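S.K.: A predicted structure for the sequence below; I have some questions about it.
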Amino acid sequence: MKTIIEKIWDSHVVEHLEGFPDILAIDLQLVHEVTSPQAFQVLKERNLSVFAPHRTLATVDHNVPTIREGLTIQNPISRHQIETLRENCRMFGVPLLDMGSGYQGIVHVIGPELGFTHPGMTIVCGDSHTSTHGAFGALAFGIGTSEVARVLATGCILQERPKTMRVSFKGDLPIGVTAKDIILALIRKIGVNGGTGHVIEYTGAPVRALSMDERMTICNMSIECGARAGLIVPDETTFAYIKGKIGAPKGEKWEKAISYWKKLTTDNGATYDKEIELSLSTMAPMVTWGINPEQTIAINELVPNSISFPREMRDLAQKAIDYVKLNPGNPIEGVPIDYVFIGSCTNARLSDLREAAKVMKGRKVAPGVKVFIVPGSESIHRIAIEEGLAAIFIEAGAEYRSPGCSMCLAMNEDRVPPGKRCASTSNRNFIGRQGPESITHLMSPIMAAAVAVTGKITDVRKFL
Amino acid sequence: MNIITSQIIPVNRSHVDTDLIIPAEFLRSVTKKGFGQHLFARLRASDKSFPFNLEKYQGSKIMVAGMNFGCGSSREHAAWALADWGIRIIIAPSFADIFHQNALNNQILPIILQEHVIEMIFTKEAQHSTYEITVDLSNQTVRIPSGEIYPFSIDPYRKECLLNGMDDFDYLLSKRYQIDAFEQKNKSNRFFDTYAVRQLINEETSS
């Protein structure tokens, strides 16, 4: 009796030798401009080719401008990094979805959107949020650049077999509570290292009711509790999402794929190394107050005092309070906000924009607040214009930008200035993540939209 | 790497993330060089007494840190920055998985010791003007100035790699036969081809 995690692992082991890590075959490798140049350089130095270019897909996302003036990039260092990827893709025959192709976007948005993410796959990328693809029942994990080079050259990676963890969600999701709130609540419960060494399987009736976009949001942040990956057993929702997309199998192959994918379940009686339960029925929208995603509270809670934490967490809690300049004992609701960022591989999909637009429709961005809406891909950017979502954002006074990672990690020009406070739909509220001395509060897209129109941290349920 | 003796440099905080080790604005280089100058940029900028700013710690090869060191982003630039600055060994109660691997891939040895031992090291180090630790990889021991010796565990394969300067790349390339055999056997279970995107964008086929 096996879990889906063990089934996928075992079917990809090229060689298992006692005393060595397993050699694991990789089905799909995703590539972006920041963590790949040094890897391609190693291939050039060793005179190696790419093992499976037809199972590799590249795009530019981390370092691209979100205000596009043609396809050129003003910043010379950024331009060089992007041109290096273009050159490497040409040289090694790796397909590239570049800016202006109509399909460029955040690597974890475009893989699924184009139908290349399938159940049962092993997927790697030099990016920790590769766990996103687990939403399809794939084993997907982030790797460093040394490993990017090895997978490029051999289609394989050396990995220790992971431990398994089951997270069981229970109860009905209350109104105003989203996938983002579920995952933030889980990280709060188990901590930023609660999943270390484990692959998480998310289970329970509430998961079955979630759309693929919502499942991706949950799996995306698996890494924020330290897990090596997070995944969900595929079902009809998964198959319906993939069907017909450019990367989807067609005809006979589709039938064959479906019969294989349907076997990717966890056997009754299979056991896990760790089990967690989380009830959703009494949950409220969540907001981070501190400097890591574990430092999360519900919108109706008070900013905690560091002495309320267990001894080993107290020091970091105090560092967090000092950094974010909040008063313990005060409500988190009502804290004034300077910037709103709706974007990132966590929450920049079409459904995220639709939900945010519902809240912002007919309302105006609060005075003094700067709002960035950054769609996850050129496809989403285009559809959101066609659907009238972009018009809603622009009429409200928000900036509707071109796709990229943008203000999630502040690698390009999109930064929160020092001392300014941002409501963000991204995944990390680390110190200075969105720019030097910036302060981040993570939340769902509808919560961020409510901040945009009120100028302060607000309970979005008032608008629903 | 076999035996290293060095003054330690303490980073006494838990959950140090890789954004803290090296912020994203410094990741735009296409080489592995020069990241050391940006190591812990945010903490160095905000805290004059942060150990990486202090003269007495310059040249330290052994860093001691709090639990879950290296969490967050997979950026190997964090390991490159530490290595470039001169760090060869990191001792902590626990490490984040991807960073742990990235460290090993850059000949940085991550050593796990119990939390109370790490806390004792932080306390003692703060009380002494110098505090040198000796790490012996062959014998898998950490020796502190008072003479106590703490054993640590390491995967035998990883140990061999560090001692002999080998890496996973050499190992994987030596397995080409097994990899090709697996590829042949599993061809039909892979239901996609990323070259299909060329239909979308009508890109010329290049090689």
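M.R.: Yep, that arrived.

S.K.: when you work out contacts or count neighbours from here on, use the C-alpha atoms and nothing else.
M.R.: Will do.

S.K.: which other helices and strands does the lengthiest helix in chain B contact?
M.R.: As assigned by DSSP state H, the longest helix anywhere in chain B is helix B:115-127. When contacts are defined as 3 or more C-alpha pairs under 8 Å, 6 or more residues apart in numbering or on different chains; DSSP states H and E, helix B:115-127 packs onto strand B:62-65, strand B:89-92.

S.K.: list the buried residues in the longest helix along chain A.
M.R.: Longest helix of chain A, by residue count under DSSP H: helix A:76-92. By 16 or more other C-alpha atoms under 10 Å in any protein chain shown, the buried positions in helix A:76-92 come out as A:78-86, A:88-89, A:92.

S.K.: returning to that earlier point: contact partners of the longest helix of chain B?
M.R.: Residues outside helix B:115-127 that contact it (C-alpha atoms under 8 Å, 6 or more residues apart in numbering or on different chains): B:10, B:12, B:64-67, B:91-93, B:131.

S.K.: restrict it to CA atoms and write it as CSV.
M.R.: Output in CSV follows, covering the C-alpha atoms of helix B:115-127 (Å, rounded to 0.1, in the frame of the first residue of the first chain):
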residue,chain,number,x,y,z
GLU,B,115,20.0,23.2,19.9
HIS,B,116,21.3,23.3,23.5
VAL,B,117,24.8,22.8,22.2
ILE,B,118,24.4,25.7,19.7
GLU,B,119,23.0,27.9,22.4
MET,B,120,25.9,27.1,24.6
ILE,B,121,28.3,28.0,21.8
PHE,B,122,26.6,31.3,21.3
THR,B,123,26.8,32.1,25.0
LYS,B,124,30.5,31.1,25.3
GLU,B,125,31.5,32.9,22.2
ALA,B,126,30.0,36.1,23.5
GLN,B,127,32.0,35.7,26.7
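
S.K.: how about that helix: buried residues?
M.R.: Buried residues in helix B:115-127, counted by 16+ other C-alpha under 10 Å: B:118-119, B:121-122, B:124-125.

S.K.: turn these into CSV, including pLDDT.
M.R.: Formatted as CSV, the buried residues of helix B:115-127 follow (pLDDT from 0 to 100):
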residue, pLDDT
B:Ile118, 98
B:Glu119, 97
B:Ile121, 98
B:Phe122, 98
B:Lys124, 98
B:Glu125, 98
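
S.K.: could you pull out the strands for chain B?
M.R.: B:3-11, B:62-65, B:89-92, B:109-112, B:132-136, B:141-143, B:149-151 (DSSP state E).

S.K.: could you dump those strands to CSV with mean neighbour count and distance to A:Gly368?
M.R.: Output for the strands of chain B, formatted as CSV (neighbours: other C-alpha atoms under 10 Å in any protein chain shown; distance: least, C-alpha to C-alpha, whole Å):
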stretch, mean neighbour count, distance to A:Gly368
strand B:3-11, 19, 38
strand B:62-65, 24, 41
strand B:89-92, 24, 44
strand B:109-112, 22, 47
strand B:132-136, 20, 53
strand B:141-143, 19, 55
strand B:149-151, 15, 57
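
S.K.: can I get the ones you listed in JSON lines with distance to chain A?
M.R.: As requested, the strands of chain B are arranged in JSON lines below (distance: least, C-alpha to the nearest C-alpha, whole Å):
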{"stretch": "strand B:3-11", "distance to chain A": "13"}
{"stretch": "strand B:62-65", "distance to chain A": "13"}
{"stretch": "strand B:89-92", "distance to chain A": "14"}
{"stretch": "strand B:109-112", "distance to chain A": "14"}
{"stretch": "strand B:132-136", "distance to chain A": "21"}
{"stretch": "strand B:141-143", "distance to chain A": "21"}
{"stretch": "strand B:149-151", "distance to chain A": "20"}
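
S.K.: among those, which is nearest A:Thr145?
M.R.: Proximity to A:Thr145, assessed across the strands of chain B by C-alpha to C-alpha, is greatest for strand B:109-112 (17.7 Å).

S.K.: show me what the closest one is packed against.
M.R.: Where contact means 3+ C-alpha pairs under 8 Å, 6+ apart, strand B:109-112 is packed against strand B:89-92, helix B:97-104.

S.K.: got a list of contacts for the first one?
M.R.: Residues from elsewhere that reach strand B:89-92, judged by C-alpha under 8 Å, 6+ apart: B:61-69, B:108-115, B:118.

S.K.: residues from the stretch 301-450 of chain A in reach of chain B?
M.R.: When proximity is defined as C-alpha under 8 Å from any C-alpha of the partner chain, the stretch 301-450 of chain A approaches chain B at A:315-316, A:409-412, A:430-433, A:436.

S.K.: so of the residues you listed, which ones are in helices?
M.R.: A:315-316.

S.K.: shaky segments in chain B?
M.R.: Flagging of chain B using pLDDT under 70 yields the residue ranges B:202-207.

S.K.: now do the spatially most central residue of it against A:Thr154, distance only.
M.R.: Central residue of chain B (C-alpha atoms, centre = their mean): B:Ala103, 2.2 Å from the mean position. Plainly put, B:Ala103 is 21 Å away from A:Thr154 if you go by C-alpha to C-alpha, to the nearest Å.

S.K.: tell me the domain ranges of chain A?
M.R.: With domains defined by automatic domain parsing, chain A comprises A:15-161+A:235-261, A:163-233+A:266-279, A:286-463.

S.K.: list the contacts of stretch A:97-105.
M.R.: Contacts for stretch A:97-105 (C-alpha under 8 Å, 6+ apart): A:57-61, A:71, A:110, A:376-379, A:403-404, B:197, B:201.

S.K.: these, buried ones only, as a ChimeraX selection?
M.R.: Applying 16+ other C-alpha under 10 Å to those, the buried members can be selected in ChimeraX as follows:
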select /A:57,58,59,60,61,110,376,377,378,379,403,404 /B:197
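
S.K.: how about A:Val60, what does it touch?
M.R.: Going by C-alpha under 8 Å, 6+ apart, A:Val60 touches A:32-33, A:82, A:97-99, A:104-107, A:404.

S.K.: the same query, at a cut-off of 10 Å, please.
M.R.: A:31-34, A:81-83, A:85-86, A:96-99, A:104-107, A:403-405 (C-alpha atoms under 10 Å, 6 or more residues apart in numbering or on different chains).

S.K.: likewise for A:Ser131?
M.R.: By C-alpha under 10 Å, 6+ apart, the contact list for A:Ser131 reads A:108, A:123-125, A:138-142, A:199, A:216-223, A:227-231.

S.K.: where does it land in three-state SS?
M.R.: Three-state assignment for A:Ser131 (DSSP: H, G, I helix; E, B strand; the rest coil): helix.

S.K.: and the gap between it and chain B?
M.R.: 12 Å (C-alpha to the nearest C-alpha, to the nearest Å).

S.K.: wait, what's in contact with residue 175?
M.R.: Picked chain A for this. Per C-alpha under 10 Å, 6+ apart, neighbours of A:Ile175: A:281, A:283-285, A:460-461, A:464.

S.K.: my bad, the chain I had in mind was chain B
M.R.: By C-alpha under 10 Å, 6+ apart, the contact list for B:Lys175 reads A:14-15, A:23, A:154, A:156, B:169.

S.K.: what about stretch A:159-172, near chain B?
M.R.: Yes. Stretch A:159-172 is in contact with chain B by C-alpha under 10 Å from any C-alpha of the partner chain, via A:159-160.

S.K.: show me how far that stretch is from its chain's centre.
M.R.: The chain centre lies 18 Å from the centre of stretch A:159-172; the measure is C-alpha atoms, centre = their mean, to the nearest Å.

S.K.: tell me the buried residues in that stretch?
M.R.: By neighbour count on 16+ other C-alpha under 10 Å, the buried set for stretch A:159-172 is A:161-170.

S.K.: again with stretch A:98-115
M.R.: Across stretch A:98-115, burial judged by 16+ other C-alpha under 10 Å covers A:98-99, A:101-115.

S.K.: what's the average pLDDT for it?
M.R.: For stretch A:98-115, the mean per-residue pLDDT is 97.

S.K.: low-confidence ranges, the stretch 351-464 of chain A, go.
M.R.: The stretch 351-464 of chain A contains no residues with pLDDT under 70.
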